[in-house]
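Undergrad: Dropping a prediction and its sequence here:
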Amino acid sequence: MKNYDIVIIGGGPAGLAAAVSAKENGIESILILERDKELGGILNQCIHNGFGLHTFKEELTGPEYAGRFIEQVNELQIEYKLHTMVMDIRADKVITAMNREEGLFEIQAKAVILAMGCRERPRGALNIPGYRPAGIFSAGTAQRLVNMEGYLPGREVVILGSGDIGLIMARRMTLEGAKVKVVAELMPYSGGLKRNIVQCLDDYGIPLKLSHTVVDIQGKERLEGVTLAEVDGKGKPISGTEEFYSCDTLLLSVGLIPENELSGGMGVELNPVTSGPRVNESLETNIEGVFACGNVLHVHDLVDFVSEEAKAAGKNAAMYVKSEGITDRPASDKGKKPCVRLKATDGVRYTVPETIHVDRMADTLTVRFRVGGVYQNCFISAYFDDERVIHKKRPVVAPGEMEEIKLTKEQLEKYPDLEMITVKIEEA
Amino acid sequence: MYDYDVIIIGAGVSGSAIARELSRYKVNACVLEREEDVCCGTSKANSGIVHAGYDAPIGSMKAKMNLRGNAMMEQLSKDLDFPFFRNGSLVICLDKKDMPRLQELYDRGVANGVWGLQILMKEEVKEREPNITDEVYAALYAPTGGIVCPFGLNIALAENANTNGVEFRFHTEVQKIEKSEEGFILHTSQGDYRAGYVVNAAGVYADHFHNMVSDQKIHITARKGDYFLLDKSAGKHVSSTIFALPGIYGKGVLVAPTAHGNLLVGPTAIDIPNKEGTNTTREGLDQVLAKAGMNVKNLPMRQVITSFAGLRAHEDQDEFIIEEVEDAKGFIDCAGIESPGLTSCPAIGELVADMLRDKMRLEEKEEFIATRKGILNPETLSKEERIELIKNNPAYGNIICRCEMITEGEIIDAIRRPLGARSLDGVKRRTRAGMGRCQAGFCSPRTMEILARELKVDMQDVTKSGGASKIVVGVNKDTI
């Protein structure tokens, strides 16, 4: 069995940034396992620009953004295996993987970084009635066919869901010669970034129908059309509002699900809200030495924040490996000093992380979260037990855009008996 | 004009089982199928249940075929290598007032010859299945109940029949049947066929073909069943097949593990005029959702990965019609094959083959091959065997379907074997690639590449399920 200090599961943006960071923090023995034919993950099919404004202060395409990190991985001589599927990870950090050349093999890691990303919710998860013809794609599958293989999935398109991939694909399909007739969104607000609605729909005259969904799918062999209907406040279709759209293609952009089958298999505790691991300030899961970052942890909007999060995970994994054998690793879960818990409430759906060991946290810790609805002129507040410590005015917050607050170690050290930080939305 | 001794219309489980049993004999036989593959109608969209046999009326053909089919299934699954498990079944009675009905099922089962039936009271039921509703009063336990992969069964039967010499013609729709001196002329979308004997195993269309040759008309209604399929993470929610006892709460739905470890919830029973109406409907899905939790608690309906509908071939007399048509000698009906049709198919195959043997005085073939090896599932191998397999064929080291962990090796096998896959759905039914929680999101472009390469066709000609079901319609900017 081969041994590595850190094994990173997934060579997408999270895995790459975590690897670079771990190396820069003094770990030599690192291995990235990637199931696809190249590093870069989903960025390879995101050929539009707008990536990297935060990280590199310039607008890059997805492959360019990935390229920057792949270059660093190569320069730092970090080892990776492509076309390699991780079949199983055990709680003792033995990884079973498989590829064509080496067959089935095992690797022992001292630390594992989970960076498997996410997958798209399929039609089936939505219970849309109708036939099951060809021509129904998740937006990301269509994106791969168009952007990486050059094939046009269809000519007349309806898109369900206004997640970012759906919006981006509305523009892409238009540019490639298809007619995008409408984007329907079940919720009364879009699930995507504002800039994508402007640049991908408005600029091309594609209508966005909020509070609408697909209620029927026609066509036995190839899709022939879909029926849209308006929905009420509970998401139930309103009878009499049905409208038929003839089309040969239905793209679904109806949500992303972190891919945590491997995590679940090894005993990592998952948060039912994010479907990602529960982590502490070090982005460490309930299993010591197993870290998570990127979309496998919680679905992000911007890759820049994935990179930032992964950088922290890489550094923390490096520290974990270096402190191995040192018995006084500060404030581990089994330590004497209890950790501070974070509670998401009043419009805040979850927080990452969920616990903080103050001794172990970096000088500044970013707490990321999403809100459950659209709030205007509100405040994002954090209460340290009963005391309101953060009260940040926001003109608008929406579920489609991830929010954050920053906590400093200095700040937390002033509250030695702190038990709970409550993050909430307060309306003005 | 193509000439055969026997033509079987339909390559579903009935037609394929008949073809397989008939292939024991020296006979020139052919199966005509309008779709691109076997297992494309009722056989692909059902509960996958091997019934114990207490439902069908005493002395009925349904009861006889059910019991015989159930008894044959285990050996057949070994001979032909398809997934079958005897997981037992429970009929849940929620109310003391319904106990006479449960007793009636028990008595009928005993009279039909079902082995091992027991009525269990609440505690015993809960002990066996902790997720049964706390409202349960009693249940009928049938240890001989089972689950089977309907695709696996259908494909195995057809493959074995083909290996033993039965031809299969796809995309061949029978349009008209004429009686002639030496039998029948079948006009099809692919030319004319002549046969001395015709077996009508056409599912919901069996009445259509019967009525072409007989004045004694039969009528078959398409009775729709909507289902939900749940992720494997929910597959252990129950271990037995859980039926609802029709009672004061109406007719319920079943909850059952599938032979591959998913959980199935359904079906509805809605009579429809359209024999092509395999669409799910809002009403149908809502009905299943409303009844899903009646007998099983905490059903994780958020884990639904797909929904589908199938059509039962319901005959007006509620009975299997497996006989030679009186006024059309040589034309054998196999009509009205609804539940327990899947269970019964091995027995139906045997019965019809015996009829033909006797009528045609067929002799057994010495070279009949009674066994068939299914597509190798590497997960059944030891670690060492798997390493050896990949060494000899690296395609088995290349995972294509991430959810079901299906390798390129399995997909190639599915395409290259007798009556191999020609479409994404064909690959899916044979290997499960694309049948998992992402529903082919990741693997379909890669499976398309393998299909295009193996079949030597362009990517643009790869279909979901044959015909006009092409996946991509052109290349980027081809109209600009």
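TA: Happy to help now that I have it. Numbers count the residues shown, from 1 in each chain, chains lettered A, B, ... in the order given.
Undergrad: Which helix or strand contains the residue of the stretch 201-350 of chain B found nearest chain A?
TA: Closest contact between the stretch 201-350 of chain B and chain A, by Cβ to the nearest Cβ, is at residue B:306 (3.1 Å). C-beta here means a position set from N, CA and C on the backbone, and glycine is covered the same way. Using DSSP states H and E, the element containing residue B:306 is strand B:304-315.
Undergrad: Now do that strand: which elements does it pack against?
TA: When contacts are defined as 3 or more Cβ pairs under 8 Å, 6 or more residues apart in numbering or on different chains; DSSP states H and E, strand B:304-315 sits against strand B:220-230.
Undergrad: From the chain's centroid, how far away is the strand it packs on?
TA: Here the centre of strand B:220-230 is set off from its chain's centre by 13 Å, with Cα atoms, centre = their mean, to the nearest Å.
Undergrad: do the same with stretch A:66-80
TA: 22 Å.
Undergrad: Not counting its neighbours along the chain, what's nearest the residue of the stretch 201-350 of chain B closest to chain A?
TA: Leaving aside its sequence neighbours, residue B:306 sits nearest to residue A:124 (Cβ to Cβ, 6 or more residues apart in numbering or on different chains; 3.1 Å).
Undergrad: which residues touch the one you found?
TA: B:229, B:304-307, B:439 (Cβ atoms under 8 Å, 6 or more residues apart in numbering or on different chains).
Undergrad: Same check on residue B:197?
TA: Residue B:197 neighbours (Cβ under 8 Å, 6+ apart): B:5-7, B:183, B:330-332, B:356, B:359-360.
Undergrad: Report the buried members of those residues.
TA: Buried by 16 or more other Cβ atoms under 10 Å in any protein chain shown: B:5-7, B:183, B:330-332, B:356, B:360, out of those.
Undergrad: Save the residues you listed as JSON lines, and put in secondary structure, pLDDT and distance to chain A too.
TA: Putting the buried ones among the contacts of residue B:197 into JSON lines (DSSP: H, G, I helix; E, B strand; the rest coil; pLDDT from 0 to 100; distance: Cβ to the nearest Cβ, whole Å) gives the following:
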{"residue": "B:5", "secondary structure": "strand", "pLDDT": "98", "distance to chain A": "34"}
{"residue": "B:6", "secondary structure": "strand", "pLDDT": "98", "distance to chain A": "30"}
{"residue": "B:7", "secondary structure": "strand", "pLDDT": "98", "distance to chain A": "26"}
{"residue": "B:183", "secondary structure": "strand", "pLDDT": "94", "distance to chain A": "33"}
{"residue": "B:330", "secondary structure": "coil", "pLDDT": "97", "distance to chain A": "34"}
{"residue": "B:331", "secondary structure": "strand", "pLDDT": "98", "distance to chain A": "29"}
{"residue": "B:332", "secondary structure": "strand", "pLDDT": "98", "distance to chain A": "30"}
{"residue": "B:356", "secondary structure": "helix", "pLDDT": "98", "distance to chain A": "34"}
{"residue": "B:360", "secondary structure": "helix", "pLDDT": "97", "distance to chain A": "38"}
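Undergrad: Could you dump the residues you listed into TSV and include distance to residue A:139?
TA: Below are those laid out as TSV (distance: Cβ to Cβ, whole Å):
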residue	distance to residue A:139
B:5	53
B:6	50
B:7	46
B:183	55
B:330	55
B:331	51
B:332	50
B:356	53
B:360	57
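Undergrad: Return the closest of those with respect to residue A:14.
TA: residue B:7 (59.0 Å; Cβ to Cβ).
Undergrad: Please name the bridge partners of the closest one.
TA: residue B:30, residue B:198 (DSSP bridges).
Undergrad: just to revisit the earlier point, any idea how far the strand holding residue B:306 is from the middle of the chain?
TA: Chain-centre distance of strand B:304-315: 11 Å, with Cα atoms, centre = their mean.
Undergrad: and the direction of that strand versus that of strand B:220-230, what angle?
TA: 160 degrees (axes from the mean of the first three to the mean of the last three Cα atoms, to 10 degrees).
Undergrad: Could you find the closest non-adjacent residue to residue A:35?
TA: Spatial nearest neighbour of residue A:35, excluding adjacent residues (Cβ to Cβ, 6+ apart): residue A:85 at 4.9 Å.
Undergrad: Please name the bridge partners of the one you found.
TA: For residue A:85, the beta-bridge partners are residue A:98 (DSSP bridges).
Undergrad: residue contacts, it?
TA: Taking Cβ under 8 Å, 6+ apart, one finds A:35, A:97-99, B:399, B:402, B:405 in contact with residue A:85.
Undergrad: Over to residue B:413?
TA: So residue B:413 contacts B:375-376, B:431 (Cβ under 8 Å, 6+ apart).
Undergrad: buried ones in stretch B:20-37?
TA: B:20-25, B:27, B:29-37.
Undergrad: mind listing which of those are in helices?
TA: The helices, defined by DSSP state H, take in B:20-22 from the buried residues of stretch B:20-37.
Undergrad: what stretches of the chain score poorly on pLDDT?
TA: Because you didn't say which chain, this covers chain A. Confidence mapping of chain A against pLDDT under 70 gives the ranges A:325-337.
Undergrad: please go with chain B instead
TA: Using pLDDT under 70, the flagged stretches of chain B are B:247-250.
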